[in-house]
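K.L.:
All I have is the shape, not the residue letters:
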Ligand code: HEC
């Protein structure tokens with residue numbers, strides 16, 4: 001294995017070398033340049049790589065056996081993607097919690113490219129040495145070109161199995177990527193895994209009737225904006241953006257008649273306190289709750305343990321502490337928990353990770369990934385923190 005510090009050099013010079021050859025790709029001699037492409041692209045004069053036809057077959061053949069969307073195998077056991085890296089769907093590739101798998105127009109900064117272009121004997125090379133030879137040079141170059149051309153997936157969205165309920169959650173050994181992971185992905189999860197969402201949605205909707213229009217009309221003029229999550233779903237999305245100052249515990253009581261229907265609730269920056277959480281606790285279909293920058297503390301958070309469907313809970317900048325967090329150990333479906341700028345101690349985070357090994361617990365603003373103090377000893381390439 002070559003010393004790590006040499007790697008950036010290799011990655012920097014490799015692409016330059018390829019561009020310098022300045023000749024059309026051999027793979028697609030007949031392909032013509034698209035009109036309207038900017039000058040830079042023309043100079044590269046490489047035929048546009050078709051993801052589905054050219055790149056996907058490589059991934060499918062050499063990567064997907066280990067990097068498949070998590071699903072239940074024939075033995076009834078969960079089959080997870082290795083390293084939390086999912087390569088059989090566009091979402092998996094573009095929204096990986098592991099870091100930047102693909103950075104458009106920057107192959108050298110893309111983990112996929114990095115992993116396949118490592119020296120053959122590097123322990124991190126993909127596919128792993130025990131799985132055979134590295135990709136062929138032409139395949140590596142093809143993937144590089146695809147990324148450098150903008151990583152366009154065309155109409156391909158993936159091979160993910162529509163019936164899976166579990167998403168590409170990080171596995172236990174996961175650790176933050178220091179190198180390219182600097183971008184905060186706190187908002188990214190919002191667009192994660194539409195398929196999985198659909199399934200969750202169907203389950204939550206089962207047996208639920210839409211609220212009568214009069215119930216919703218009663219909220220008109222109040223500080224909340226209430227809407228169906230779409231497609232005439234009886235499930236509701238509630239926010240108070242723009243009216244946060246008007247939302248306190250008393251105002252929240254107006255949502256009680258909707259409790260069964262609310263699946264997403266954004267109370268960030270509002271004036272709610274622990275008391276509001278007793279109303280929220282009755283929202284049995286709640287999957288997303290944002291309480292950031294509110295006065296909610298331990299008692300409120302502990303009450304939220306009743307929301308058994310919670311997938312995402314944002315407690316950033318609240319008064320949540322160890323006691324409240326401990327109660328969340330029963331919210332097994334929780335995928336994302338945001339805890340930075342709270343009173344939660346590192347020890348409490350470690351304990352919660354033991355109860356919720358699948359949950360991504362974010363404790364620092366600048367890190368897109370959970371810190372790994374609770375995870376196994378492999379600190380390879382972890383960003384210093
Ligand atoms: C035999 C199983 C296997 C195959 C096949 C495989 N991988 Fe992996 N991959 C792994 C494992 C295991 C990890 C986690 C390594 C770790 O966390 O140290 C991983 C991690 C990764 C990572 C994250 C690396 C990092 O630095 O954190 C990327 C990117 C990746 N694989 C891409 C690929 C690509 C692209 C292919 C196909 C060319 C591929 N893998 C094929 C097992 C595999």
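P.N.:
Sure thing, it's come through. If you're wondering where the values come from, they're calculated on a predicted model, not measured in any experiment.

K.L.:
Can you name the helix or strand that residue 93 falls in?
P.N.:
Residue 93 belongs to helix 90-94 when assigned by DSSP states H and E.

K.L.:
What is the end-to-end distance of stretch 309-328?
P.N.:
With Cα to Cα, to the nearest Å as the measure, the ends of stretch 309-328 fall 12 Å from one another.

K.L.:
Residue ranges in the stretch 251-385 of the chain under the pLDDT threshold?
P.N.:
Segments of the stretch 251-385 of the chain classed as low confidence (criterion: pLDDT under 70) are 365-385.

K.L.:
so where do the helices sit in it?
P.N.:
Taking DSSP state H, counting those that start in this stretch as the criterion, the stretch 251-385 of the chain carries its helices at 276-280, 298-303, 322-327, 346-355.

K.L.:
Equivalent analysis for the stretch 101-250 of the chain, please.
P.N.:
According to DSSP H, counting those that start in this stretch, the stretch 101-250 of the chain carries its helices in the segments 111-117, 137-148, 194-205, 213-217, 249-252.

K.L.:
who's residue 288 bridged to?
P.N.:
On DSSP bridges, the residues paired with residue 288 through beta bridges are residue 264, residue 312.

K.L.:
Can you measure across stretch 218-227, start residue to end residue?
P.N.:
In terms of Cα to Cα, the two terminal residues of stretch 218-227 are separated by 13 Å.

K.L.:
chain center to it: distance?
P.N.:
30 Å (Cα atoms, centre = their mean, to the nearest Å).

K.L.:
Check stretch 128-143 too.
P.N.:
Stretch 128-143 sits 27 Å away from the centroid of its parent chain (Cα atoms, centre = their mean).

K.L.:
And for stretch 219-235?
P.N.:
Using Cα atoms, centre = their mean, the offset of stretch 219-235 from its chain centre is 26 Å.

K.L.:
Residues contacting that stretch, please?
P.N.:
201, 204-205, 208-211, 216, 236-241, 243-244, 246-247, 251, 254-255, 258, 261-264, 285 (Cβ atoms under 8 Å, 6 or more residues apart in numbering). C-beta coordinates here come from the backbone N, C-alpha and C atoms, glycine included.

K.L.:
Among the helices of the stretch 251-385 of the chain, which comes closest to residue 158?
P.N.:
Ranking those by their distance to residue 158 (criterion: Cβ to Cβ) puts helix 346-355 first, at 29.1 Å.

K.L.:
Pull out the buried residues from that closest one.
P.N.:
348-349, 351-353 (16 or more other Cβ atoms under 10 Å).

K.L.:
Quick one: list the elements packing against that helix.
P.N.:
The helices and strands touching helix 346-355, judged by 3 or more Cβ pairs under 8 Å, 6 or more residues apart in numbering; DSSP states H and E, are helix 322-327, strand 360-362.
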